[in-house]
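Peer 1: Quick one, structure for this:
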Amino acid sequence: MNKKSLAALGAITLASAALGGCATLLANPPIGNTAVPQPAKTVDVTRYLGRWYEIARYEQGFQKDCDGVTADYALREDGKISVINTCRKPDGKIKQANGKAKIVDVATGAKLKVSFFGPFYGDYWVLDHAEDYSWAIVGEPSGKYLWILSREAQPGPAQVDGLIGRVKAMGYNTSMLRITKQP
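Peer 2: Numbering: from 1, shown residues only. As a prediction, this is how the structure comes out:
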């Protein structure tokens, strides 16, 4: 093959790869919310502590097939927050993850960093919550993660529908929500 043929073959290969990449983007649009809102309210961390029941979430590998999901938050002696996430797998086994959180936006208390793996922290933003802390909507800047939490394991359908509507108004793709079954 001569140099011109190789150059032409290279150009065709590059063009095919570029078109394939565009087709992949069209077939797999960005998930979540590409314009993540800032937290709507300040958070009183002492009122946020305690048990939360997951009502719905964007499914992630680390929570695959989990139901009966709870998150327990408690203040630690070092000023950080202990985080214990629990879920029930389809085979009935209980899976638990222990972590810690630290507040990174002390002005609002709504932006935290959470770690389940040593020194590696991820964003955890309390985007909105009820005045009485009966529910909360949690996300992070990439828009890939989303959780709807409640102090009740099984809030009424009107409350769940209202929270899903609130999430939709924030710009999230509600068709991606997985409703969590609570015992």
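
Peer 1: what residues are up against Tyr121?
Peer 2: By Cβ atoms under 8 Å, 6 or more residues apart in numbering, the contact list for Tyr121 reads 102, 113-115. The way it works is simple: take the backbone N, C-alpha and C, and place the C-beta from them, glycine included.

Peer 1: Ok, Ala74 next?
Peer 2: Taking Cβ under 8 Å, 6+ apart as the definition of contact, the neighbours of Ala74 are 49-50, 81-82.

Peer 1: Let's see that with 10 Å instead.
Peer 2: By Cβ atoms under 10 Å, 6 or more residues apart in numbering, the residues touching Ala74 are 49-51, 81-84.

Peer 1: What residues are bridge-paired with it?
Peer 2: Going by DSSP bridges, Ala74 is paired in beta bridges with Ser82.

Peer 1: what separates the residue nearest the centre of the chain from Thr180, distance-wise?
Peer 2: The centroid of the chain falls nearest to Tyr145 when counting by Cα atoms, centre = their mean (2.3 Å). Distance from Tyr145 to Thr180, counting by Cβ to Cβ, to the nearest Å: 14 Å.

Peer 1: what ranges do the helices span in the protein?
Peer 2: With helices called from DSSP state H, the chain shows them at 3-27, 45-48, 157-169.

Peer 1: Among the contacts of Tyr121, which one sits closest to Phe62?
Peer 2: For those, the minimum distance to Phe62 (Cβ to Cβ) is 12.1 Å, reached by Val114.

Peer 1: okay, now the domains of the chain?
Peer 2: 1-30, 45-179 (automatic domain parsing).

Peer 1: can you tell me which of these the model trusts least?
Peer 2: Comparing the domains of the chain by mean pLDDT, the weakest confidence falls on domain 1-30, with a mean of 35.

Peer 1: just the strands in the protein please.
Peer 2: Chain-ordered strands for the chain, with DSSP state E as the definition, fall at 50-58, 67-75, 81-88, 94-103, 111-117, 120-129, 135-139, 146-150, 177-179.

Peer 1: List the buried residues in the third one.
Peer 2: Applying a neighbour-count criterion of 16 or more other Cβ atoms under 10 Å, one finds 81-83, 85-88 buried in strand 81-88.
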